[in-house]
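> Dropping the sequence and predicted coords here.
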Amino acid sequence: MTSAILSALCVLTKPIGGKLIFSEALLAALQANQALLEERLQGEKGLYEVRRLREEVRAGVPWICIDTEDVTWSFVQECLLLLLSLARNLTLQLELFNQAPSPAMSRLRTPEMAPPLPPDVLSVAQQKTLGAALQFVVSLGLCPYLALGVGVPLGRRSAFGKLVEGLVCHDVAPVPERRLLTTTAVLLELSVLSSLATMVYTRHLGDVMAALCQLGYRPEKGTTKEEKISKEERKNCREALQKLLGKVYQPIVIKELLILQGGPKQVDGGNRSPLSQAPPWLRRLCGQLLSERLMQPNGVQSVVRAILEGGAGGESDWRKCDGVARILAACPQQSLSSDSYYSQVCPQILELLHFRDKLTAQQFQRVATRAALTMVQDCPMFALQYLLTPLFSSLHRCGEGQTRVTVEEWELTRCAEDVFKICVVGNSPSAPLLKALGEVVPVLFDLYCFTKKNASHLRAPCQEILLWYFGNSELSVALSTLQQLCAMDGGAGGVASGFHFTPGSDGGAQLNPSETISDEDDALYEKVSGEQWRVECLAQLLAEMKDSDLPGDFFLELLQALTCWAAEEEEEEQEVDTSAMTLLQLEQHLLGKVTGRGQKLALLQVLAVMCEGLPHTLLLRKPTQVVEFIVAMLQRACVGLDQVRAAASPVETQTLSMGMGLVATLLSGPLPLSAEDYSSMSRLLPPLEEISQRHPEVAIQELASDLRAAIATHGAYQPDNVTRATRYQCPKTDNNVSGDSLGPAGVSTEPSSGTPSRAFSDCMLGACDPEVPTRAVALRTLTRAIQNRDREALQNQEKVLTLFLENLEHEDTFVYLSAIQGLAVLADFFPERILLRLQEEYQNVPSSQKERSLETRLKVGEVLMRASRAMGDLAPHHGRPLIGVFLRGTRDEDCSVRASCLSNLGELCQRLNYALGPWAQELSTCLTALIKTEKEAEVRRAAVHVIALLLRGLSDKATEVLSDVLLDLYRALKWVVRSDTDDVTVLHAQLALEDLDDIMRRFIFPAQKLEKKIVVLP
């Protein structure tokens, strides 16, 4: 039956060729096909059931017009009758199919058999016939009767559409509105069946929607009585439209509504738009329907998909994303209230950030980010309530004063990622957004500090968010937040007390209750170490701001606070009468003092970490910041003038001299200062005047007075004292090393003669000075002179060597480390002579100074180790004598010397490569004996570590260089793993065995190289 009906449709829609003009040929084809169908229905027995069913359908419908003069409408009626016949036949067959199958058929079926197809499944040829029939129905029975501006006109679709527009007769019965209603009703009846609905809606959804909009919502004004349809019919059309909009995939519905809404108003003479201008009533209707689609669940996603689906991520798609974002951020006129609109849309916007598909995620995140930022700027009140508060909710729950509940890992991860996308990726700072983010910055910083302790994927987003916040906030707000993070203002604002972050199972973090520490000492240690870690993390965060002035401004703020602290110390020294206080007042007074002390300690801690961890180029990037730094130094010196001890202390004097030296350097620099520079330096005038009047030393008074005069006259008056102050190195006036006389790098710029120059002599004398800073500076100056191949330093290398060796015995680390560095540089430049001298110093031990000689030998061993590292490819040539020295040192009576020799031996041997061959047997015997007989665990660790360094340094060459002793070394390592009682020694042995295992695997199973060899035959 279904095939017969479809064959009848095929006859009706079959094209017939002709030599007439195209319009007449089409009308003739329509009439001929109708006549042919009627003839076959009457004459063929196979179509008897089709004719019977068609007559039943004809008798049941009220819209048949037999005497119509319009050929096209007559043809459409035949198509509609056959389509309704097909729908009724399929409905009947589906009812029979859905009934319970007979027992006989159930027994014949096996599990391997495919399920039977339902009767409404059509073949490809049948679908093609049905599609052609539907196209004729829509083109001849629906689109020509749409009002101007409703839907896309047929003339803009194809050339066939232009022809159809001229063939339809509107002035004959039935009236156009009735024809439109009839066609739409039949198409809706067909769509009851899922198989037919797919054919109708995938190709003609927009036309059906346009027809329903016109029938249900078009104003009746201006239409004749015959063209009007009843109110009941209009109501049914409206209900059908709402039902259709709710049943079809929403992005497709939204796309069709946008098309129905029409294009912009056309300008005379302009290019034709692909969409015609819709009438006002249709534009209002489409706007209302689009608003309803938007505000329903997942409406935002549907709108975004409707506009962006099918894009390839190009520039046009980004413009679409921005356009959609502006649409979502603006409350439509059809909405009941702005509050209800944003309460429904904002959560959906946040959900757009969570898609994982690559292309979809990029577009959706772009839309969500731009929409959120636009809302924050245009309507901050609603954005704060419905967008920013849910966005930061997970971080708020971690903060102080919130409900004591745990925060799961996925919540923190999603929150950090969402904030990163909106703030950092969107990069559109605004006051409401920065204010909302500033409330959770302490919690976010705690999370960042936690991620610095562990390997976490949250570290990068947290760091970028914090950098973005500090980079876009106002300076006063950023400085206040930094002080809060350092606990300098007494406030916490971070993670709630009793809770802490713990590692998550997916590499994130989660908030859990912390365990109570009963021991007060342990609790105090945890608190102090946590504060120290926070300060270090803050310094690392500031170090990332390489193009910002904030680190320098914060540093100057701390210096200013330090100056105020020095001024407050005098007031605190005055005794306070506590006899007249009540207990509550006394308690508040004591708590205030404790809090103040804590804040001062925090200030000193932050200053110490910043000075140690941040380079001066970051702390003082601009001349104005240098001036501010000097102002803080001079003001602190002025405060110290009131205290006699402070003014006389060498630290205060050195600090004051250094500050004035910096001022003199600015005034005497190679580049001339501008008027703005002098204007900023005018802040130095009051403290310089106070120093020139009140400082106890006359030389400093005169220098301060001269600097003040030079600044006040903008450099017009510049006495010699100012130029000499730029050469200041240390507070001593005797035996100091002049920086200018040695040039910018400490290298002498004066011509060398037979006798040393004054600058070099000063350096030599400074290396013997009892003052530690002077001696250390002199030693480092001599080291730089050797590195730069200063002629005087190279000519007097024996004297310089003697000075370095003498300073090895100094107790201060600053001095003997400078001497070690100088000896290592000498050994690098003159290896043959210096290494020989160092070997003698390392072996000869004066018996009268045994304890001091032990320290000196260890320091010489450090020099030899640094020299071994610096040998490079020359290690096989210069390192052979050192092997014998180190092997003899392994028999020393002191365990520290034995461990030092073994450590140096490992550093040297891993650089010898094939030159190690002659020493392999002796080296193996020594190491094996020490591993098995040495009582000191430190020496056994060093011996095992030598084997590990050997294997790492030789790598694949170990099987060649150590071929005779490799088995002995392996057995020694296995003996350590089985028998040694020291855990560290066992760990070193296990690591060495792993290295040996890797070497042997590569030796036994070499890597296969896919290469071709081309041999040229003679």
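Okay, I see it.

> pLDDT value on R727, please?
R727 carries a pLDDT value of 45.

> I misspoke; the intended subject was V376.
So, for V376, pLDDT stands at 90.

> D268 too?
So D268 comes in at 47 (pLDDT).

> How about the one 10 residues further on?
On pLDDT, A278 comes in at 81.

> Can you name the residues that contact the closest residue to M865 other than its chain neighbours?
Excluding the flanking residues, the one nearest M865 by CB to CB, 6 or more residues apart in numbering is N904, at 4.8 Å. Where C-beta positions appear, they are placed from N, C-alpha and C, glycine not excepted. Neighbour list for N904: G861, L864, M865, S868, L882, F886 [criterion: CB atoms under 8 Å, 6 or more residues apart in numbering].

> Go again with 7 Å.
Shown in contact with N904 (CB atoms under 7 Å, 6 or more residues apart in numbering): G861, L864, M865, S868, F886.

> Can you flag which of the residues you listed belong to strands?
Taking DSSP state E, every one of the contacts of N904 sits outside strands.

> In those, which has the lowest confidence score?
The lowest pLDDT within the contacts of N904 belongs to S868, with 72.

> Correct me if wrong: that residue contacts E907.
Yes. Using CB atoms under 7 Å, S868 is in contact with E907, at 4.9 Å.

> pLDDT score for the residue nearest to M865?
Note on N904: pLDDT of 78.

> With S476 instead?
pLDDT, read off for S476, is 90.

> That one: neighbour count?
Per other CB atoms under 10 Å, the neighbour tally for S476 reads 9.

> could you say which helix or strand contains it?
According to DSSP states H and E, S476 maps onto helix 475-485.

> Can you name the element that comes right after that helix?
Downstream of helix 475-485, the first helix or strand assigned by DSSP H and E is strand 499-503.

> What is the distance between that next one and the centre of its chain?
22 Å (CA atoms, centre = their mean, to the nearest Å).

> Equivalent analysis for stretch 607-620, please.
With CA atoms, centre = their mean as the basis, stretch 607-620 stands 26 Å off its chain's centre.

> Start and end of it, how far apart?
Terminal residues of stretch 607-620 are spaced 14 Å apart (CA to CA, to the nearest Å).

> Buried residues, that stretch. List them.
Within stretch 607-620, the residues that count as buried by 16 or more other CB atoms under 10 Å are L607, V609, M610, L614, L618, L619, L620.

> quick one: contacts of the one helix or strand S23 maps to?
Using DSSP H and E, S23 maps to helix 22-43. Contact partners of helix 22-43, identified using CB under 7 Å, 6+ apart, comprise 8, 11-12, 14-16, 18, 20, 47, 50-51, 71-72, 74-75, 78, 163, 166-167.

> Restrict those to the buried ones and give me that as a ChimeraX selection.
Provided next is the ChimeraX selection string for whichever of these are buried by 16+ other CB under 10 Å:
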select :8,11,12,47,50,51,71,72,74,75,78,167
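
> out of the contacts of helix 22-43, which are inside helices?
8, 11-12, 50-51, 71-72, 74-75, 78, 163, 166-167 (DSSP state H).

> Please convert the residues you listed to TSV, extending it with distance to T413.
Listed next are the ones in helices among the contacts of helix 22-43 as TSV, based on distance: CB to CB, whole Å:
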residue	distance to T413
A8	63
V11	65
L12	62
V50	64
R51	69
V71	68
T72	63
S74	67
F75	64
E78	64
L163	61
G166	64
L167	64
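
> min pLDDT across these, which one?
Least confident of the ones in helices among the contacts of helix 22-43 in the model: G166, at 70.

> which stretches of the stretch 201-350 of the chain form helices?
Along the stretch 201-350 of the chain, the stretches classed as helices by DSSP state H, counting those that start in this stretch are 231-247, 250-260, 280-295, 299-308, 315-329, 338-351.

> Go through those and pick out the most buried.
Most buried of these, by mean neighbour count (mean count of other CB atoms under 10 Å): helix 299-308, with a mean of 22.

> That helix - contacts with which helices or strands?
Here helix 299-308 touches helix 250-260, helix 280-295, helix 315-329, helix 338-351, helix 358-378, going by 3 or more CB pairs under 7 Å, 6 or more residues apart in numbering; DSSP states H and E.

> between the ones you listed, which gets the lowest average pLDDT?
For these, the weakest mean pLDDT is recorded on helix 315-329, namely a mean of 77.

> these two touch, right, A776 and Y816?
No. Using CB under 7 Å, A776 is not in contact with Y816, being 9.5 Å away.

> Comparing the two, which shows the higher neighbour count?
More crowded of A776 and Y816, by other CB under 10 Å: A776, with 24 against 21.

> Secondary structure of the more buried one: a helix, I assume?
Yes. With DSSP: H, G, I helix; E, B strand; the rest coil as the criterion, A776 is assigned to a helix.

> SS state for the closest residue in space to it that isn't next to it in sequence?
Of all residues not flanking A776 in the chain, F814 sits nearest, at 4.6 Å (CB to CB, 6+ apart). Assigned with three-state DSSP, F814 falls in the helix class.

> picking up where we left off before, so which of the contacts of N904 wins on neighbours?
That'd be F886 among the contacts of N904, by other CB under 10 Å, with 30 neighbours.

> Identify the spatial nearest neighbour of L951, chain neighbours not counted.
D995 (4.4 Å).
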